[in-house]
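[1] build me a structure from this.
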Amino acid sequence: MLLRVRVTLPDRPGTLGQVARTLGVSGADIVQVVVLERLGGRAVDDFTVVWPGAGRVERLLAGLAAIPGVRVDGLWRAIGAPTTTGQDAELLAQVAGNPADGLATLVDAVPGLLAADWAVAAVVPLDWASRTGVGSGAATVTRASWRTPVPARLPEVTPLRARELTGTDGTHYAVAPFGRAGLVLVVARDRAEALSPAAFHSTEVDRLAQLVRASAVILGDRLDLADVPPVPAGG
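    Now for the predicted structure:
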């Protein structure tokens, strides 16, 4: 299976090599490395690896923990192929090419781009800011990707701004508003037995926000109808 491993490590020569060797010795085949952050002598890297289905991840985690200064921030199943250059542009081209299904296309594609489990487009009441009480800005799902639980477990998405959140059950979320019609895109990483996903990094939230903003420009007034349920095929 395909796994994503997020590691914080000292930003000095040789440490990245130690991590790569440890992954290899543990049985992981590295297919991609993405540097998310380099700051203050530390780096945050995402490794996408092919992991034998029968293998125990405890061996991998123990090996990484034994490297001085290295911390594992998350280990989770990756959905879809590793990220490649141009995927975001290709997605936006698909949205522009078929704007009638543009919102659904975006919702379906985002989990694969961000190594997440599922995504939804949700609508909050336009007067959420004037309401009071817990749940006053509760969102209603209008589009959902495959693997979305029923009912979808959504965090409190108001106030509407791009950010990462963690639910009480440990689910990690990234949210980004479209800037109209009370519409927001919510992407989630679920906790699973023996696996613990990392929270969405600020670079991932920024990437999501850019995709949402660009899609909002492309789709324009169509987003005002986002709270209307899609018409079933043949309906």
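[2] can you list contacts of the longest helix along the chain?
    The residue-count maximum for a helix in the chain (DSSP state H) belongs to helix 202-219. Outside of helix 202-219, the residues within contact range by Cβ atoms under 8 Å, 6 or more residues apart in numbering are 36-37, 88, 91-92, 95-96, 99, 102-103, 106, 110, 113-114, 162-164, 174, 176-180, 185, 187, 200, 223. Quick note: C-beta positions are derived from backbone N, CA and C, even for glycine.
[3] pull out the buried positions in it.
    Glu204, Val205, Arg207, Leu208, Ala209, Leu211, Val212, Ala214, Ser215, Ala216, Ile218, Leu219 (16 or more other Cβ atoms under 10 Å).
[4] before we move on, back to that, of the contacts of helix 202-219, select the buried ones using a PyMOL command.
    Command for PyMOL that selects the buried part of the contacts of helix 202-219, burial taken from 16+ other Cβ under 10 Å:
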select buried, resi 36+91+92+95+102+103+106+110+113+114+162+164+174+176+177+178+185+187+200+223
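[5] so which of the contacts of helix 202-219 sit within strands?
    Using DSSP state E, the members of these that fall in strands are Leu36, Glu37, Arg163, Glu164, Ala174, Ala176, Pro177, Leu185, Val187.
[6] got the contact list for Val184?
    Val184 makes contact with Ala121, Ala122, Val123, Val124, Ala139, Val157, Leu160, Val175, Ala176, Pro177, Phe178, according to Cβ under 8 Å, 6+ apart.
[7] relative to Arg147, which of the ones in strands among the contacts of helix 202-219 is nearest.
    Ranking the ones in strands among the contacts of helix 202-219 by separation from Arg147, with Cβ to Cβ as the measure, puts Val187 on top at 11.7 Å.
[8] mind listing what the closest one touches?
    For Val187, the contact set (Cβ under 8 Å, 6+ apart) comprises Val110, Pro111, Leu114, Ala116, Trp118, Ala119, Tyr173, Ala174, Val175, Phe200, Leu208.
[9] can you pull the pLDDT of the third one?
    Reading off the per-residue confidence, Leu114 sits at a pLDDT of 93.
[10] was I right about it contacting Phe200?
    Yes - A contact is recorded between Leu114 and Phe200 when judged using Cβ atoms under 8 Å, the distance being 7.2 Å.
[11] now the common contact residues for these two.
    Ala174, Val187, Leu208.
[12] from Leu113, how far out is the last one?
    Put plainly, it is Leu208. Relative to Leu113, Leu208 is positioned 8 Å away (Cβ to Cβ, to the nearest Å).
[13] common neighbours of those two, please.
    If you check Leu208 and Leu113 against Cβ under 8 Å, 6+ apart, no residue is contacted by both.
[14] where does the protein have low pLDDT?
    54-55, 80-85, 127-137, 227-235 (pLDDT under 70).
[15] hey, what's Trp76 bridged with?
    Trp76 has these beta-bridge partners by DSSP bridges: Arg4.
[16] meant to ask about Ala174, not that
    Each beta-bridge partner of Ala174 is listed here, defined by DSSP bridges: Glu164, Val187.
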